[in-house]
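In: Predicted model and sequence follow; I will ask about them next.
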Amino acid sequence: MNTAADMDGMDLVDEDFIAILCCPETRQPLRRADAETLVTDDGQISYRIRDGIVDFTTKLGDAKKPAPKDVVKDYYEEAGWNADDAGVYDDTKRFMALGPVSRDYTRRCNEQVKTQLPPKGKYIVDAGSGAIPHVEYMAYHDNFDIRVCTDFSFAALQEAKRKLGAKGRYVMADLRCLPFKDASVDGVVCCHVVYHVPEQEQATAIMELSRILSPRGKAAIVYQWGKADLLWQMTKLFRVIDRVSPPKPEPKAVEQPARPAEESLYFYAHTYDWFVSRDWPFKYEIRSFRILDNPMMKRYLRDTPIWRMVVRLLVAWQAIMPNFTGKHGAYPLLILYPTIR
């Protein structure tokens with residue numbers, strides 16, 4: 001039987017880590033009951049440690065009953081983190097633009113996230129870490145002692161643990177009710193996750209990410225706007241470029257199996273106005289992550305000199321005007337500071 005002490009004798013659920021955890025329902029502190037169990041101080045609620053991963057999604061002793069269908073969770077548990085021989089995940093192939101120019105653009109944008117994280121700290125929470133699917137993501141914990149991968153998929157956390165080992169800690173949890181004490185971590189990164197949370201609960205998830213920040217902490221959240229004014233303008237420009245730079249034949253993309261409509265992953269993107277009109281209990285900045293969305297990248301960004309130049313110009317524009325492109329582009333980078341009241 002696997003226990004928490006499974007990484008060359010390293011206990012992945014050590015006392016220092018337990019000290020920042022709490023019951024996500026009651027906020028009570030937790031203590032070790034045995035090698036495979038955490039329990040609240042009053043002994044009323046217990047959580048299982050499985051293969052070094054603390055499962056906060058199920059309380060021990062809960063009556064067995066059918067769980068409501070969650071297509072997003074089911075997909076990532078069953079297929080999303082399956083990798084092909086080249087190490088490319090199903091999730092990446094299904095949703096990302098994978099041409100070389102698109103990959104270069106995404107890589108540059110991913111690398112910018114690290115520049116918005118604190119320069120040092122003990123714990124950084126990777127909220128919705130998945131399997132840490134991109135090489136650039138591995139740099140996010142460079143300035144931290146421990147990366148806490150948090151996801152609702154056990155399969156994702158097993159893959160993350162394979163990559164990070166003892167550098168990481170691993171928690172199954174719901175983004176809307178995180179199992180971390182107030183002001184307990186120095187950094188938070190959350191990439192392409194919040195817009196998969198139900199529409200009316202996304203604000204709760206964002207406030208949770210702020211709640212756990214220490215006074216010197218900072219969170220970087222990659223979101224998507226439901227309306228991106230720059231996409232319409234860029235489409236007009238790209239159509240002109242398309243006419244003067246006709247496409248060259250490219251290898252046919254690998255087709256992914258079609259999924260029934262009822263199995264489409266849940267997605268809801270609020271607008272910029274929704275975000276700025278809310279009375280958030282924290283300070284924030286809105287910067288640019290990426291101006292273009294994936295469908296537009298798949299349609300236009302081919303491996304030609306002119307499109308490679310377009311990507312360089314887009315990256316430069318985002319750097320020079322981060323607030324403008326963050327407001328009007330497809331993907332903003334929301335920078336959160338600790339709760340102020």
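Out: Nice, I can see it. Residues are numbered from 1 along each chain as shown.

In: and the closest residue to residue 185 other than its chain neighbours, which of the three is it?
Out: Counting by Cβ to Cβ, 6 or more residues apart in numbering, residue 185 lies nearest to residue 123, which is 4.3 Å off, once chain neighbours are set aside. From N, CA and C alone the C-beta is placed, and that goes for glycine too. Recorded secondary structure, residue 123: strand (DSSP: H, G, I helix; E, B strand; the rest coil).

In: ok, now which ones touch residue 123?
Out: 20, 144-148, 169, 184-187 (Cβ atoms under 8 Å, 6 or more residues apart in numbering).

In: Try it again at 6 Å.
Out: 146, 148, 185 (Cβ atoms under 6 Å, 6 or more residues apart in numbering).

In: Among those, which ones are in strands?
Out: 146, 148, 185 (DSSP state E).

In: Tell me where the model's unsure across the protein.
Out: 1-10, 61-75, 77-81, 91, 245-264, 340-341 (pLDDT under 70).

In: Would you mind giving the domain segments of it?
Out: The chain breaks down into these domains under automatic domain parsing: 5-55, 71-225+255-291+312-339.

In: For the residue nearest to residue 185, list each beta-bridge partner.
Out: residue 146 (DSSP bridges).

In: how near is it to residue 94?
Out: Separation of residue 123 from residue 94 (Cβ to Cβ, to the nearest Å): 31 Å.

In: circling back to that earlier point, turn the contacts of residue 123 into TSV, columns for distance to residue 271.
Out: Converted to TSV, the contacts of residue 123 look like this (distance: Cβ to Cβ, whole Å):
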residue	distance to residue 271
146	36
148	31
185	29
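
In: residue ranges for the strands of the chain, please.
Out: Counting by DSSP E, the strands of the chain are 5-7, 10-11, 30-34, 37-40, 46-50, 53-55, 121-127, 144-151, 168-172, 185-191, 213-222, 282-290, 331-339.

In: out of those, which comes closest to residue 323?
Out: Nearest to residue 323 among these is strand 282-290 (6.4 Å), distances taken as Cβ to Cβ.

In: just how off-centre is that closest one within its chain?
Out: 15 Å (Cα atoms, centre = their mean, to the nearest Å).

In: Which strands or helices does that strand pack on?
Out: With contacts taken as 3 or more Cβ pairs under 6 Å, 6 or more residues apart in numbering; DSSP states H and E, strand 282-290 sits against helix 322-328, strand 331-339.

In: Would you mind listing the buried residues in it?
Out: 282, 286-290 (16 or more other Cβ atoms under 10 Å).

In: Is it possible to get JSON lines of the strands of the chain that adds distance to residue 305?
Out: Shown next, in JSON lines, are the strands of the chain (distance: least, Cβ to Cβ, whole Å):
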{"stretch": "strand 5-7", "distance to residue 305": "47"}
{"stretch": "strand 10-11", "distance to residue 305": "49"}
{"stretch": "strand 30-34", "distance to residue 305": "57"}
{"stretch": "strand 37-40", "distance to residue 305": "56"}
{"stretch": "strand 46-50", "distance to residue 305": "51"}
{"stretch": "strand 53-55", "distance to residue 305": "47"}
{"stretch": "strand 121-127", "distance to residue 305": "36"}
{"stretch": "strand 144-151", "distance to residue 305": "38"}
{"stretch": "strand 168-172", "distance to residue 305": "41"}
{"stretch": "strand 185-191", "distance to residue 305": "30"}
{"stretch": "strand 213-222", "distance to residue 305": "29"}
{"stretch": "strand 282-290", "distance to residue 305": "21"}
{"stretch": "strand 331-339", "distance to residue 305": "25"}
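
In: closest one to residue 85 among those strands?
Out: strand 144-151 (24.3 Å).

In: What is the closest one packed up against?
Out: Strand 144-151 packs on strand 121-127, helix 154-164, strand 168-172, going by 3+ Cβ pairs under 6 Å, 6+ apart.

In: hmm, who's touching that strand?
Out: With Cβ under 6 Å, 6+ apart, strand 144-151 has contacts from 121-129, 141, 157, 160, 168-171, 173.

In: ok, back up a step: mind putting the helices and strands packed on strand 282-290 into TSV with mean neighbour count?
Out: Converted to TSV, the helices and strands packed on strand 282-290 look like this (neighbours: other Cβ atoms under 10 Å):
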stretch	mean neighbour count
helix 322-328	19
strand 331-339	21
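
In: could you dump those to CSV with distance to residue 265?
Out: Shown next, in CSV, are the helices and strands packed on strand 282-290 (distance: least, Cβ to Cβ, whole Å):
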stretch, distance to residue 265
helix 322-328, 25
strand 331-339, 17
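
In: which stretch among the ones you listed comes nearest residue 200?
Out: That would be, of the helices and strands packed on strand 282-290 and by Cβ to Cβ, strand 331-339, which comes in at 18.4 Å.

In: residue with max distance from the center of this protein?
Out: Largest separation from the mean C-alpha position in the chain: residue 244, at 37.8 Å (Cα atoms, centre = their mean).

In: Thank you, goodbye.
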